[in-house]
Structures are given as C-alpha cells and as structure tokens.
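Q: with the sequence up front, the predicted model follows.
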Amino acid sequence: MPRSRIRRSPVLVLLAALTASGQQAQQMPPPTPTLRTTVHLVVVDVEVTDRNGRPVRDLRPEDFVLLEDGRPQKISSFQYVDVEGMETAAGSAATKPVVVSLAGAAADSSVGEKVRNRRLIALLFDLTSLHPDELQRARDAALDFVRHRMTPADLVAVVTLGTRLNVLTDFTTDRETVAAALGRLRPGAEDQLADLASAPATNGEADVTEDTGAAWTPDETEFNVFNTDRKLEAVQDLARLLAAIPGKKILMQFTGGIVQTGEENRTALEAAVDAANRANVSVYTVDARGLLAEVPGGDASHAAAAGQAMFTGAAVFRQRDTRQDSRDTLQTLAEDTGGRAFFDLGELGRAFEQVRQDTAGFYLLGYTPTDTHTDGRWRAITVRVRRPGLHLRYRNGYYAPRDYQHFTAEDRERQLLDALRSSTPMVELPLAVQTAVFRMNDREYFVPVAAKLPAHVLEWAQKKGSREAEFDFAAEVRDRTGRAVGSLQDTIRVRLGEQLYQQVAHRALLYQGGLVLPLGQYRLKFVARENATGRIGTFETDVPVNAVPANELGLSSLLLSAQLVPASGAGSVERQSLGGSAMRQSPLEVGGERLVPSVTNVFTVDQTLYVFFQCYLPPQASPEHLRAGLLFFRNGVLVSRTPLVAPVQVDARTRTASYRLSLPLGHLAPGRYTVQAVAVVAGTPYAGFGRAELVVLPVRRSATAAAR
C-alpha cells in the first residue's frame with residue numbers, strides 16, 4: 001500500500017470568533033480540580049570492597065555519607081543485595097528454573113521475590129555494527145560464560161538490535177534456554193550497516209572510503225547521525241523495559257563501536273543515560289573488535305585511499321582517531337551509568353568475569369533530593385563511608401527530571417513521538433476529534449481531521465499588547481498490520497489583539513487538517529499539545545475507507561457544521577508544518593469558503609446548519625437526474641424535511657456529486673435528532689442513505705441542559 005501524501009491544509013479556528021454564538025464551546029465539561037504530587041526517589045547501587053577486593057556486608061545506613069552536588073542527602077531506603085550468598089545457597093541443591101519476563105514484569109506481583117539477591121544480566125548484541133567475525137567472537141564468549149561460569153543466582157536475557165529490538169529470551173536461570181538463544185545469533189543483512197573505515201587524503205588528493213562502482217550513496221555523516229541515534233534509542237528503550245524489574249540490572253552491550261558525529265547525537269546519548277539511571281541499569285560496553293593492529297590504509301575489507309594518502313603519517317593518525325571516536329560514546333555511556341567499558345580485549349570473557357566481581361554484593365541506597373528543581377541538570381553524586389580502607393564503586397550522577405519549560409526542541413519532538421506510540425491514553429488536555437471520508441478519485445480519498453479544544457484549557461500569554469497561544473498537533477494513521485501509512489504534524493500560533501481577545505477568550509478552539517489515503521481499514525492516533533504548559537491530549541478512532549460497489553449509488557460521511565471561514569485562514573493564525581506536499585483543493589472548500597466541522601455536533605436554535613456530503617454515481621446513472629435532501633427524526637418520528645435539490649458540483653471524471661445543504665435550526669425544538677441524507681436518481685432504482693446524530697440547544701441554556 002502506498003504511503004499517503006500529507007495534506008498540508010491545517011486551519012485553527014476560534015469557534016464563534018467571527019460569526020457563531022459560542023454556545024458550542026460550553027459542551028465540554030469544566031475541568032475537575034486535580035491534586036498533583038511528585039516524589040522523586042533516587043536509587044544508587046554502591047559496591048563496597050576491602051583491600052583484598054572482597055565485598056563488605058556489615059555496613060549500616062549511618063556508615064554512609066551521601067552527597068548530591070556537594071549537599072548532604074538523607075538515606076530513606078537501604079538494602080544489601082548478597083548475590084554471592086545466593087550463589088552459595090543455590091549451588092548446594094537443584095532448583096526449578098526462574099523466569100522473569102521483560103515485557104510482563106510490571107504485571108508480575110512476584111517479580112520482587114524472583115530477583116531478590118540475584119544478578120540480572122541482559123546481553124545486547126548490536127547486529128548493525130558487528131561484522132561476522134566480531135559477532136562470532138562475542139557469541140563464543142557469551143556461550144563460554146553460560147556453559148562454565150553461569151550460576152543459579154544469575155538471571156540472563158538475550159536481546160539483539162537489527163532492523164528492530166528483538167528479545168531472544170527473557171531473564172532465566174536455565175542455561176540451556178540461554179545457550180539456545182545465543183545459538184540463533186547469525187550474521188545477516190544488518191552487519192552491512194557497520195561503519196565504513198576511512199583514510200584521509202593529502203595534498204589535494206580525494207578521500208576514498210570504499211569502491212561503490214557506479215552506485216550512488218548518501219552522505220555517510222548523515223547516515224551515521226540516524227544510525228547512532230537508533231543505537232542509543234535502543235539502549236533507552238531496553239532500559240525502560242527493565243525499569244519494571246526492581247534492583248540493579250547489568251546491560252552488557254556487544255558492539256563494533258558507536259560513531260558520534262557531534263552535537264547531533266548529544267540529546268540521544270543524554271536520553272539513554274537518563275533512562276538507564278532511572279531504571280537502575282549499569283551499562284557495560286564491550287568493543288567486540290578486540291585487540292587489533294590496523295594496517296595503514298585499512299585491511300582488505302575496504303578500498304584504499306587514492307594517491308599516496310595511505311603511506312603518510314596523517315593516514316595512520318586518522319585511522320587511530322576514527323577508532324577512538326567510535327569508543328568515546330561507549331565510554332560515556334558506561335561511566336555515566338556506573339558500568340565499565342572494555343576495549344582492546346583479546347579475550348572477551350574477561351568482561352563477564354569483571355561483571356561477576358562487580359556484582360558479588362552491593363548496597364542499594366535511596367534518597368529524595370533536597371533540590372526539587374525540575375531543570376534537567378546533571379546532578380553529581382558522591383558516596384563515602386566512615387570506615388577507612390574501603391573501596392567504593394557507584395554511578396557518578398544522574399539527570400534531574402525535566403519539566404516542559406526546560407525541554408529542548410529535541411525533547412519536545414520526542415515527547416510528541418512518545419505520545420503517538422504510547423498505548424496509554426493521555427487526558428491532560430481534553431479534546432474531541434472527528435474524521436470523515438470523501439472520494440477524490442478511484443484510488444484516493446480525502447480524510448479531513450478536525451479536533452476541538454474546550455475554552456478552559458487555553459493558556460493565553462500576554463505579550464506586547466496581544467494574547468498568544470501555541471499548539472502542536474500530530475496524527476499518525478496505521479493499517480491493520482500496524483504499519484504507518486500517513487501522518488501530519490503542525491505547530492500553530494494564535495495572536496489576538498486585546499479587543500478581539502475579549503470577544504473570543506472563552507470560546508472553544510478547533511484545528512482542521514487532513515490527509516489523503518487509499519482504500520483500506522485504518523486506525524488514527526491524534527495528539528494535541530498546549531505549548532505553554534506542555535499538557536497533552538490523545539484521541540484514537542478507526543478510519544474505514546471502503547470502496548463503493550460499481551452498481552450502487554453510494555454516499556459519503558455526513559459532515560455537520562455551523563460556521564464558514566475564508567479558505568485562506570485568519571491573519572491572526574501562524575502555522576508551521578513539518579514537511580510539505582502538492583496542495584490540492586479540499587472538498588470542504590467551495591467558493592473561497594471552508595466549512596468548519598462541528599466535531600461534537602451540538603448546535604443552538606439561532607444557528608444555521610450546514611450539511612456536506614458526496615454522492616458516488618454508478619455508470620448507468622445520469623447526474624442530471626440526481627436529487628438529494630435531508631430528513632430529521634426525533635425519537636424515531638419524522639419531524640422535518642428539506643426539498644430534494646440538485647448537487648452544487650459534479651465531477652464527471654470521478655462521477656462524484658457534492659452537496660452543501662443549509663437550513664436555519666429555529667424551526668426545530670431543542671432536543672436530540674437524527675439527520676438522514678436521502679439521494680435518488682429519478683426514474684431509476686438507485687438510492688442512497690447516510691445518517692448523523694446532532695443535538696439542538698436553546699440559546700440560553702438552563703443548568704439541567706448544561707449538564708446534559
């Protein structure tokens with residue numbers, strides 16, 4: 001299925017700002033007062049050993065001094081995890097294998113007991129950076145650990161990063177299960193994503209990294225930006241998955257290096273470190289390339305540079321710097337999470353031995369920081385003991401929580417993306433969303449997306465004599481397989497002068513966008529964010545785009561409205577859209593005016609109702625004989641009707657007839673109605689029907705009607 005073209009026609013409308021009465025804005029219930037509390041508990045795992053490297057087990061909370069940014073902190077939780085003791089006890093008798101699901105840990109009430117005094121090791125193999133020989137070396141080292149040194153106190157999981165993050169096995173004490181998962185590691189297409197070696201040119205010669213023949217390749221730096229972000233996001237996602245499991249977790253990452261191209265990857269690195277620290281995950285990075293003496297100009301797996309660059313000292317230094325650059329990110333990731341980085345290892349098994357030594361026993365110290373600022377700063381942690389001659393290892397800090405006012409542009413973009421991908425609805429910003437489906441041609445259908453925000457959620461900032469409000473809107477459409485087939489994203493800012501602000505300050509606000517989809521069954525996820533406070537609301541709905549049988553008269557969705565606005569939009573609205581595409585006229589635009597969907601379909605008796613729909617004619621029917629009208633039912637009884645009229649527009653190529661009917665609502669008594677569109681082709685058996693629900697309210701509503 002082709003990916004939909006993004007329809008860049010968003011409009012932000014203050015309902016009733018120019019013509020309507022504003023009664024619709026009151027249909028959403030007023031906000032319920034909410035008491036919000038935030039408890040930020042920081043947990044630090046501290047390994048304490050004596051002069052001989054043996055764990056010290058008899059310390060008490062008062063033996064520790066814990067500082068954050070040099071300020072003393074009160075230890076509120078204290079626990080010693082005795083993995084070495086568990087190994088001794090478990091080794092004396094056969095026990096049933098213990099399994100802890102990565103995905104199901106949050107719902108497992110016994111997970112705390114399962115992991116008590118155990119060593120949790122997640123093995124992450126980065127297939128996108130490991131060449132076949134490097135993957136073989138890492139797998140052999142892991143198999144040797146599992147078969148000869150893994151104890152009943154060890155819970156081991158195996159995860160791979162290829163085209164996706166894939167869990168080969170959950171945490172388990174069963175050696176055979178882990179060994180079988182490691183046995184499934186095979187080189188594949190992912191290893192072609194491994195970074196290319198490079199050699200510099202000198203004296204005007206050209207750099208050559210690899211002979212690609214006549215193939216065109218994108219800029220390697222641009223590729224590495226996204227490839228590096230992807231590796232770091234995988235660490236972040238895995239850390240979030242491990243967060244539901246209590247205690248300390250070890251993430252051993254086997255990789256061929258992570259090339260950081262500069263500031264582009266800084267945000268992703270900070271996010272990975274932050275997620276690991278919050279989940280109490282220590283990252284042990286292992287450079288699977290091992291100890292290697294590089295040949296000047298590169299080995300036979302890469303083409304040499306042209307000219308004499310490979311014979312200069314600059315080429316050798318460049319090779320060394322490139323290798324070192326690929327390790328800097330690994331070093332930072334390990335140090336900032338309390339782990340270790342392993343480079344130039346001839347035997348990768350030494351990394352496993354070091355992990356065992358570091359986790360023989362450790363203390364978990366928890367505290368609530370005295371600094372409650374949510375500024376996202378790095379907070380340095382210092383731990384001391386009042387007993388001389390002891391050695392301590394712990395992570396050296398963490399990133400403080402960050403509120404919306406301290407978000408960077410990358411943070412805000414990530415927040416929107418997380419909201420789109422999350423299965424949990426967000427209701428900080430209440431909104432209602434309405435969609436419809438209108439045919440553009442035999443293969444494409446226009447899907448308008450309208451979202452209404454109630455007046456009480458609008459945050460108007462006063463700046464330079466005017467009022468401003470800014471919103472981000474994003475939507476994603478997925479098919480039945482879960483594949484994204486369409487999306488839109490807009491940032492819209494509204495500026496109102498004081499006089500206009502006094503008129504519309506208490507009116508609802510409505511966003512209009514749209515996209516073009518082919519036939520199919522879809523699920524729409526819509527996200528709105530108010531940019532003064534960062535509050536987010538989400539809305540999901542099914543969007544069926546069904547074909548009309550060729551021998552039937554079909555009707556589209558019925559779109560109800562009580563407001564018309566200029567198609568060009570208001571001058572007080574600025575919009576900034578992500579991406580762009582060829583603009584096509586929306587079916588909702590007629591004669592330079594655009595219908596504003598009601599969304600809630602609630603109207604007042606002093607308004608004019610506009611109903612828009614399309615009729616799809618079979619080949620045998622003539623549009624000259626097509627007529628359509630509206631019927632209004634209340635409690636199943638017909639109470640009003642309109643005359644049958646000809647369409648306002650007919651597209652002969654697509655055989656689509658458009659109707660925009662209007663009528664004053666003053667002749668209808670307040671209440672709930674069903675409006676039915678009826679279309680017939682005179683002299684033929686062709687007929688079509690469509691329905692929609694609406695509510696008509698009096699101009700001045702009573703308390704009873706307001707609560708309806």
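A: Okay, I see it.

Q: just want the most central residue of the protein.
A: Nearest to the mean C-alpha position of the chain, by Cα atoms, centre = their mean, lies residue 418 at 2.5 Å.

Q: any idea how many residues pack against residue 669?
A: Here the number of neighbours of residue 669 (other Cβ atoms under 10 Å) works out to 12. The C-beta positions use only the backbone N, C-alpha and C, and glycine is treated the same way.

Q: which residue comes closest to residue 698 once chain neighbours are left out?
A: Sequence neighbours aside, residue 670 is the residue nearest to residue 698 in space, at 4.9 Å (criterion: Cβ to Cβ, 6 or more residues apart in numbering).

Q: for the one you found, grab the count of nearby residues.
A: Residue 670 sits with 16 neighbouring residues when counted by other Cβ under 10 Å.

Q: how about the helices in this structure?
A: Secondary structure of the chain (DSSP state H): helices at 83-90, 111-115, 132-148, 175-183, 220-242, 266-278, 313-335, 349-358, 409-421, 498-504, 703-706.

Q: next, format those as TSV and append distance to residue 379 and mean pLDDT.
A: Shown next, in TSV, are the helices of the chain (distance: least, Cβ to Cβ, whole Å; pLDDT from 0 to 100):
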stretch	distance to residue 379	mean pLDDT
helix 83-90	28	78
helix 111-115	27	90
helix 132-148	34	93
helix 175-183	36	94
helix 220-242	18	73
helix 266-278	10	85
helix 313-335	15	75
helix 349-358	23	92
helix 409-421	18	84
helix 498-504	41	73
helix 703-706	49	40
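
Q: export those helices as TSV, with columns for distance to residue 75.
A: Formatted as TSV, the helices of the chain follow (distance: least, Cβ to Cβ, whole Å):
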stretch	distance to residue 75
helix 83-90	21
helix 111-115	20
helix 132-148	34
helix 175-183	36
helix 220-242	24
helix 266-278	18
helix 313-335	24
helix 349-358	22
helix 409-421	31
helix 498-504	52
helix 703-706	53
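
Q: highest mean neighbour count out of those?
A: helix 266-278 (a mean of 22; mean count of other Cβ atoms under 10 Å).

Q: check which helices and strands it is in contact with.
A: In terms of contacts (3 or more Cβ pairs under 8 Å, 6 or more residues apart in numbering; DSSP states H and E), helix 266-278 is packed against helix 220-242, strand 281-287, helix 313-335, strand 397-399, helix 409-421.

Q: turn the ones you listed into a markdown table, including distance to residue 534.
A: Putting those into a markdown table (distance: least, Cβ to Cβ, whole Å) gives the following:
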| stretch | distance to residue 534 |
| --- | --- |
| helix 220-242 | 20 |
| strand 281-287 | 26 |
| helix 313-335 | 28 |
| strand 397-399 | 17 |
| helix 409-421 | 7 |
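
Q: these: which one's closest to residue 141?
A: strand 281-287 (8.3 Å; Cβ to Cβ).

Q: neighbouring strands for the closest one, and are they parallel or not?
A: Strand pairing for strand 281-287, using DSSP bridges, gives strand 249-255 (parallel), strand 341-342 (parallel).

Q: quick check: mean pLDDT of it?
A: Across strand 281-287, pLDDT averages out at 94.

Q: that one to helix 266-278, inter-axis angle?
A: Between the direction of strand 281-287 and that of helix 266-278, the angle (axes from the mean of the first three to the mean of the last three Cα atoms, to 10 degrees) works out to 130 degrees.

Q: show me the contact partners of strand 281-287.
A: Residues from elsewhere that reach strand 281-287 (Cβ atoms under 8 Å, 6 or more residues apart in numbering): 45, 138, 235, 239, 242-243, 248-257, 275-276, 327, 330-331, 333-334, 337-345, 348, 351, 354-355, 395.

Q: that one: how far from the chain's middle?
A: 25 Å (Cα atoms, centre = their mean, to the nearest Å).

Q: report the backbone C-alpha coordinates of that strand in PDB.
A: Only the C-alpha atoms of strand 281-287 are listed here, as PDB (Å, rounded to 0.1, in the frame of the first residue of the first chain):
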ATOM      1  CA  VAL A 281      20.700  -0.100  34.800                       C
ATOM      2  CA  SER A 282      24.500  -0.100  34.600                       C
ATOM      3  CA  VAL A 283      25.800  -0.400  31.000                       C
ATOM      4  CA  TYR A 284      28.900  -2.500  30.400                       C
ATOM      5  CA  THR A 285      30.000  -1.700  26.800                       C
ATOM      6  CA  VAL A 286      32.200  -4.300  25.100                       C
ATOM      7  CA  ASP A 287      34.100  -3.400  21.900                       C
END
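
Q: list the buried residues in it.
A: 281-287 (16 or more other Cβ atoms under 10 Å).

Q: show me which of those residues is closest to residue 689.
A: The closest of the buried residues of strand 281-287 to residue 689 turns out to be residue 281 (Cβ to Cβ; 58.5 Å).

Q: so what's residue 628 closest to, chain neighbours aside?
A: Nearest to residue 628 is residue 679, by Cβ to Cβ, 6+ apart, at 4.0 Å.

Q: ok, now which ones touch that neighbour?
A: Neighbours of residue 679 in contact, by Cβ under 8 Å, 6+ apart: 553, 555, 615, 626-628, 659, 687-689.

Q: nearest to residue 517, of these?
A: residue 555 (18.4 Å).

Q: so what's that closest one scoring on pLDDT?
A: For residue 555, the pLDDT comes out at 94.

Q: ditto for the one 5 residues further on
A: At residue 560 the predicted local confidence, pLDDT, stands at 95.

Q: ok, it - contacts?
A: Residues counted as contacts of residue 560 (Cβ under 8 Å, 6+ apart) are 597-598, 601, 603, 609-611, 675, 692, 694.

Q: how close does it get to residue 658?
A: For residue 560, the distance to residue 658 equals 15 Å [Cβ to Cβ, to the nearest Å].

Q: likewise for residue 688?
A: Taking Cβ to Cβ, one finds residue 688 at 14 Å from residue 658.

Q: who has more neighbours out of these two?
A: residue 688 (21 against 18).

Q: who's the more buried one bridged to?
A: Beta-bridge pairing of residue 688 under DSSP bridges involves residue 679.

Q: cool, residue 609 as well?
A: In beta-bridge terms (that is, DSSP bridges), residue 609 pairs with residue 663.

Q: can you list the weak-confidence ranges in the chain?
A: 1-39, 90-95, 188-226, 260-265, 292-323, 464, 503-505, 567-585, 700-708 (pLDDT under 70).

Q: that one - how does it break down into domains?
A: Structural domains assigned to the chain are 6-34+407-706, 39-82+362-400, 99-360, following automatic domain parsing.

Q: how about these in JSON lines, adding distance to residue 89?
A: What follows is the domains of the chain, written out as JSON lines (distance: least, Cβ to Cβ, whole Å):
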{"stretch": "domain 6-34+407-706", "distance to residue 89": "40"}
{"stretch": "domain 39-82+362-400", "distance to residue 89": "9"}
{"stretch": "domain 99-360", "distance to residue 89": "8"}
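
Q: now for the closest residue to residue 684 other than its chain neighbours, how many residues are close by?
A: Ranked by Cβ to Cβ, 6+ apart and with sequence neighbours excluded, the top spatial neighbour of residue 684 is residue 621, at 6.0 Å. Around residue 621 there are 23 other residues, counting by other Cβ under 10 Å.

Q: measure residue 621 to residue 590 for me?
A: As for residue 621, its distance to residue 590 is 23 Å (criterion: Cβ to Cβ).

Q: equivalent analysis for residue 622, please.
A: Residue 622 is 23 Å from residue 590, by Cβ to Cβ.

Q: of the two, who's got more company?
A: Between residue 622 and residue 590, residue 590 has the larger neighbour count (other Cβ under 10 Å), namely 17 against 11.

Q: for the more buried one, give the beta-bridge partners.
A: Bridge pairing for residue 590 - DSSP bridges - gives residue 593.

Q: can you pull the contacts of it?
A: 648-649, 658, 660.

Q: out of those residues, which end up buried?
A: 658, 660.
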